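>>> the following comprises the amino acid sequence and a computationally predicted model.
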Amino acid sequence: MRSHTTLRAISSLFLLAAASGVLVAACGAAPAAPGGLPADQAPPAQPTATSPAPTGAALAPASPQPDPAVASAPASAGQAGAEPATAPADAAKPSDGCPDGMARVPGGSFVMGPLKVKATVGDLCVDVTEVTAEAFAACVKAGKCTDTLANCAKEASTYGVAGKEKQPMVCVDFSQAQAYCAAQGKRLPRDDEWEWAARGGEEARPYPWGEEAPKDQLCWSGGGTVRKTACDVGSFPAGASPQGIQDLAGNVFEWTTNANDDKGKMRIARGGSWRDGIAPLVRTARPGGFEATYRCGFLGIRCVVEPAAQATK
């Protein structure tokens, strides 16, 4: 199922985004804010909403994964000291239909932002972490990705930088992000899918971890730490979503798709980044607008895919 809005509502999204000061134009510059303030001094941006773009192809069914835990039966009263019975070595748990490294997010409907757009999202497999520099390098080595301008951000660049292999891949534009996900048999998330996952679905969390104000649950420049680069993915488990998805707030913005993508140059990215320093900038409903050719040290990739149809829900 997909949400349906008029072209007028879609166009209003980008007018609203521009008026809210979330559009940026050059690598290394803070996302613009009303009055010309840098991102870490900007007033709260209003949440926006979009209608979904067409979904990508479904992934082939995933094979059930063996359960590493070995079940043991206690000895009966007449068998004190006996060896506990064990489950068969090939015992397996039901598959959730998601590949390794992804978490299943149940679908549902919600209302996005001030435009009051109703969005409906199906069940989705979401990467638990953002795409790392080493994972992107493997894609380049396989000939399925390009590393054009992959070190655009000097100090914040991660591609091929020793010690930053586990940091998010940055300096990728929209087409490079799409190509990476496609090479994995996945796709970029739609804007509404991303927000649904980050808010905990029907829980409508203002932050992925809940209602508590951000402090040390994420990689950002608030809470007394001013950062100059991203953090290793998954370094802040306290900031995870209900499904255990990491870094949906802070670290790097993440490219998403939108029904308006074929109408202009702008694209929506979500999640805030390591440079943000005030709470409203890392809320689940806050969008960021970037041109499709934009690349910088605080914008990266997360992929999604539909679950296998016959998987146990």
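Nice, I can see it. Residues are numbered from 1 along each chain as shown.
>>> end-to-end on stretch 113-123?
End-to-end distance of stretch 113-123 (C-alpha to C-alpha, to the nearest Å): 21 Å.
>>> same question, stretch 230-243
23 Å.
>>> again, but for stretch 137-154
Span of stretch 137-154 from end to end, C-alpha to C-alpha: 17 Å.
>>> could you number the chain from 33 rather than 1 from now on?
Let's use 33 as the start, then, which means that last one is stretch 169-186.
>>> could you give me the average pLDDT of that stretch?
Averaged across stretch 169-186, pLDDT comes to 97.
>>> before we move on, what about stretch 217-233?
97.
>>> can I get that stretch as CSV, trimmed to CA atoms?
Taking C-alpha atoms only, stretch 217-233 is exported to CSV below (Å, rounded to 0.1, in the frame of the first residue of the first chain):
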residue,chain,number,x,y,z
GLY,A,217,20.0,-6.5,-3.9
LYS,A,218,18.5,-3.7,-1.7
ARG,A,219,17.4,-0.1,-2.2
LEU,A,220,17.4,3.2,-0.4
PRO,A,221,14.5,3.7,2.0
ARG,A,222,11.6,6.0,1.1
ASP,A,223,11.3,9.1,3.3
ASP,A,224,8.2,7.8,5.1
GLU,A,225,9.7,4.4,5.6
TRP,A,226,12.7,5.9,7.2
GLU,A,227,10.7,8.0,9.6
TRP,A,228,8.4,5.1,10.5
ALA,A,229,11.4,3.0,11.5
ALA,A,230,13.1,5.7,13.4
ARG,A,231,10.0,6.7,15.4
GLY,A,232,9.3,3.1,16.5
GLY,A,233,6.3,2.8,14.3
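>>> buried ones in it?
By 16 or more other C-beta atoms under 10 Å, the buried positions in stretch 217-233 come out as 218-233. No exception for glycine: its C-beta is placed from N, CA and C like everyone else's.
>>> doesn't residue 151 lie inside a strand?
Yes. Assessed by DSSP: H, G, I helix; E, B strand; the rest coil, residue 151 belongs to a strand.
>>> returning to that earlier point: which one of the buried residues of stretch 217-233 is nearest residue 247?
residue 230 (18.0 Å; C-beta to C-beta).
>>> inside helices: which ones of the buried residues of stretch 217-233?
Judged by DSSP state H, the subset of the buried residues of stretch 217-233 located in helices is 223-230.
>>> so can I have a markdown table of these showing distance to residue 209?
Below are these laid out as a markdown table (distance: C-beta to C-beta, whole Å):
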| residue | distance to residue 209 |
| --- | --- |
| 223 | 14 |
| 224 | 18 |
| 225 | 15 |
| 226 | 13 |
| 227 | 18 |
| 228 | 20 |
| 229 | 17 |
| 230 | 18 |
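>>> among those, which one lies nearest to residue 163?
residue 226 (14.3 Å).
>>> separation between that closest one and residue 285?
Going from residue 226 to residue 285 by C-beta to C-beta, to the nearest Å gives 11 Å.
>>> overlap in contacts, those two.
Both residue 226 and residue 285 are in contact with 302-303, where contact means C-beta atoms under 8 Å, 6 or more residues apart in numbering.
>>> list the contacts for the closest residue to residue 163 other than its chain neighbours?
Spatially, and ignoring its direct neighbours in sequence, residue 163 is nearest to residue 333 (4.1 Å; C-beta to C-beta, 6 or more residues apart in numbering). By C-beta under 8 Å, 6+ apart, residue 333 lies in contact with 162-163, 168, 200-201, 204, 209, 212-213, 220, 286-287.
>>> residue 230 now?
237, 240, 273, 277, 280-281, 302-303, 316.
>>> show me the residues you listed that map onto strands.
Using DSSP state E, residue 302 are the members of those that sit in strands.
>>> please identify which of the contacts of residue 230 is nearest to residue 187.
residue 303 (20.9 Å).
>>> any idea how far that closest one is from residue 279?
7 Å.
>>> which ones are touching residue 203?
59, 181-185, 189-191, 327-329.
>>> most neighbours, which of the residues you listed?
When neighbours are counted by other C-beta atoms under 10 Å, residue 190 leads these with 27 neighbours.
>>> quick check: which element contains it?
Under the criterion DSSP states H and E, no helix or strand holds residue 190.
>>> how confident was the prediction at it?
98.
>>> the one 4 residues further on too?
Per-residue confidence at residue 194 stands at 98 (pLDDT).
>>> quick one: classify it as helix, strand or coil.
From three-state DSSP, the assignment for residue 194 is coil.
>>> from residue 165, how far out is it?
Applying C-beta to C-beta to residue 194 and residue 165 gives a distance of 10 Å.
>>> look at these two and report which has more neighbours.
residue 165 (24 against 5).
>>> correct me, but the more buried one touches residue 201?
Yes. With contact defined as C-beta atoms under 8 Å, residue 165 reaches residue 201; the gap is 4.9 Å.
>>> what do the two both touch?
With C-beta under 8 Å, 6+ apart as the test, residue 165 and residue 201 both reach 190-191.
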